[in-house]
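**Q** okay, structure incoming, though there's no sequence with it:
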C-alpha cells in the first residue's frame, strides 16, 4: 500500500538565514527557499541580531509564497506547519515562530515545534534513513555537541563546548587573519595549502569526558599573531590556518572516537555548518573506518548551513510522535536537549 503523502511547511529563522520549505514524508524536498543575509553582516564581522530580525521581517512572506509555488502546492494540501523555536537569536526566532503560528491558525493546521539542533541532525535524513541507536556530532557557529540518540525522536547530550563553539572560533580567527565573515570556508582552503607548524593547544583532548573548549585555542592564536605584529615578524597565513584547523579537528575527532567506544551505535552523523569542513570530513572518514559496524552519514553540503528543509525532516518525525504546540508557542533562545543520565 502506498504511503500517504504528508506535506509539512517548515520555517527556519534562528540566526541570519530566512528559510521556508515544503517537505514530503520527511525525506523529499519539494522546495527549500533560503534568503541569506551574509552581505548585510559582513561589514560588522559577524551577525548583528537587530539587523537579522529586520531582514527576516522583510522577506518571510516572500519566502512562504516562493516555497509553496516551487513545490506546486497550496495551503489546502498541507498536513502541518513546523518551526524552529530555539535555540538561536530571540528576535530572529520570533519572526519564524510568529509567521508559522499565523499560517497554522489561518489554515487550521497543527503546529509542530522543532529544536534547531534536531533539524541539523535530520539533515542527514536526505542521505539515508537514520538507524538507532545513533550518535551525532553537531558543529556550528553557535554549538558544538555530541548527541546520543537511543531511539527515534529522543536526543541526549553527552558532551558540549564549555565556551566558544567551533564555528565561532573559526570566525574570530578569520577576523584576525583579515578574512570576511563567515570565515570557515576560506580558512579551510588556506589550511590545505599550509602545515601545522605552530602546534596550538588541544584543549580537553585527554580529559575523561566528552566536552570541548575552543576559547584557549582562539586566545593562543591571537597571542601568536599579535606578538609577531609587535616584533615585525611576518607569519605565513596558510600555516596559521593549517595549525588552527588541525587543533580543532584533532579535538573533535578524538572526542568522537571516545564517544563511539563508550556508546555502541549503528550510525554516526556529522552535521552543522562546520560539518562542511573538508579536513574534518576527511579525518572522520579515516577514523570511522575502524568501526566496521558503524555507518558514517554526513549531512549534504548544501544542507549543512541553516535551512528549513532540515526543520521539515525533524518536524515530520516530531509530528509522527504527536508533538504539537499551541498558539502561545514562544521563542526559546537557550533551548537544548536533555543531558544523558549516567
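**A** Now that the structure is in, tell me what you want to look at. Since the structure is predicted, the reported quantities are computational estimates derived from the model, not experimental observations.
**Q** just checking, next helix/strand downstream of the lowest-mean-pLDDT helix or strand in the chain?
**A** Least confident helix or strand, the chain: helix 38-42 with a mean of 63, by mean pLDDT, DSSP states H and E. Following helix 38-42 in sequence order, the next helix or strand is helix 49-71 (DSSP states H and E).
**Q** now the helix or strand just after that following helix: average pLDDT?
**A** The helix or strand immediately downstream of helix 49-71 is strand 80-86, counting by DSSP H and E. The average pLDDT within strand 80-86 is 98.
**Q** residues contacting strand 80-86, please?
**A** Under the criterion CB atoms under 8 Å, 6 or more residues apart in numbering, residues 6, 8-14, 93, 96-97, 99-101, 103-104, 109-116, 119, 311-312, 314-316, 318-319, 325, 329-335 lie in contact with strand 80-86. For every residue, glycine as well, the C-beta is placed using N, CA and C.
**Q** quick one: strands adjacent to that strand?
**A** Using DSSP bridges, the strands paired with strand 80-86 are strand 7-12 (parallel), strand 111-115 (parallel).
**Q** which residue sits closest to residue 220, ignoring its sequence neighbours?
**A** Once flanking residues are discounted, residue 220 sits nearest to residue 200: 5.2 Å by CB to CB, 6 or more residues apart in numbering.
**Q** wait, isn't the one you found in contact with residue 217?
**A** Yes - the criterion here is CB atoms under 8 Å, and residue 200 meets it with residue 217 at 5.5 Å.
**Q** who touches both of the two?
**A** With CB under 8 Å, 6+ apart as the test, residue 200 and residue 217 both reach 244, 247.
**Q** take the contacts of strand 80-86 and, keeping just the buried ones, write it as a ChimeraX select command.
**A** Remark: buried members of these, expressed as a ChimeraX selection using 16 or more other CB atoms under 10 Å:
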select :8,9,10,11,12,13,14,93,96,97,99,100,101,103,104,109,110,111,112,113,114,115,116,119,311,312,314,315,316,318,319,325,329,331,332,333,335
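**Q** taking the contacts of strand 80-86 one by one, which sit in helices?
**A** Members of the contacts of strand 80-86 lying in helices (criterion: DSSP state H): 93, 96-97, 99-101, 103-104, 116, 119, 311-312, 314-316, 318-319.
**Q** with distance to residue 138 and mean pLDDT added, can I get the strands paired with strand 80-86 in TSV?
**A** Listed next are these as TSV, based on distance: least, CB to CB, whole Å; pLDDT from 0 to 100:
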stretch	distance to residue 138	mean pLDDT
strand 7-12	15	98
strand 111-115	11	98
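**Q** so which of those strands is nearest residue 241?
**A** Smallest distance to residue 241 across those (CB to CB): 29.8 Å, for strand 7-12.
**Q** return the set of buried residues in the longest helix seen in the chain.
**A** Longest helix of the chain, by residue count under DSSP H: helix 237-262. For helix 237-262, burial by neighbour count (16+ other CB under 10 Å) applies to 237-249, 251-253, 255-256, 258-260.
**Q** quick one on the thing from earlier: show me what contacts the residue nearest to residue 220?
**A** By CB under 8 Å, 6+ apart, the contact set of residue 200 is 217, 220, 221, 224, 243, 244, 246, 247.
**Q** that one belongs to a helix?
**A** No - assignment of residue 200 by DSSP: H, G, I helix; E, B strand; the rest coil gives coil, placing it outside any helix.
**Q** so where's the protein shaky on pLDDT?
**A** By pLDDT under 70, the weakly predicted segments of the chain are 1-3, 37-49, 342.
**Q** domain ranges for it?
**A** Listed by automatic domain parsing, the domain ranges of the chain are 7-122+304-339, 131-298.
**Q** deepest in the core, which of those domains is it.
**A** With neighbours taken as mean count of other CB atoms under 10 Å, those reach their highest mean count in domain 7-122+304-339, at a mean of 21.
**Q** could you tell me the end-to-end distance of it?
**A** Using CA to CA, to the nearest Å, the end-to-end distance of domain 7-122+304-339 comes to 32 Å.
**Q** would you map the helices across the stretch 101-250 of the chain?
**A** Ranges of helices in the stretch 101-250 of the chain, per DSSP state H, counting those that start in this stretch, are 116-122, 166-176, 184-191, 215-231, 237-262.
**Q** residue 304 is nearest to which of those?
**A** Across those, closest to residue 304 is helix 116-122 (CB to CB), at 8.1 Å.
**Q** before we move on, back to that, now the helices of the stretch 101-250 of the chain as CSV including distance to residue 61?
**A** Below are the helices of the stretch 101-250 of the chain laid out as CSV (distance: least, CB to CB, whole Å):
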stretch, distance to residue 61
helix 116-122, 22
helix 166-176, 29
helix 184-191, 31
helix 215-231, 39
helix 237-262, 39
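**Q** so which of these comes closest to residue 145?
**A** Here helix 116-122 is closest among the helices of the stretch 101-250 of the chain (CB to CB), at 7.3 Å.
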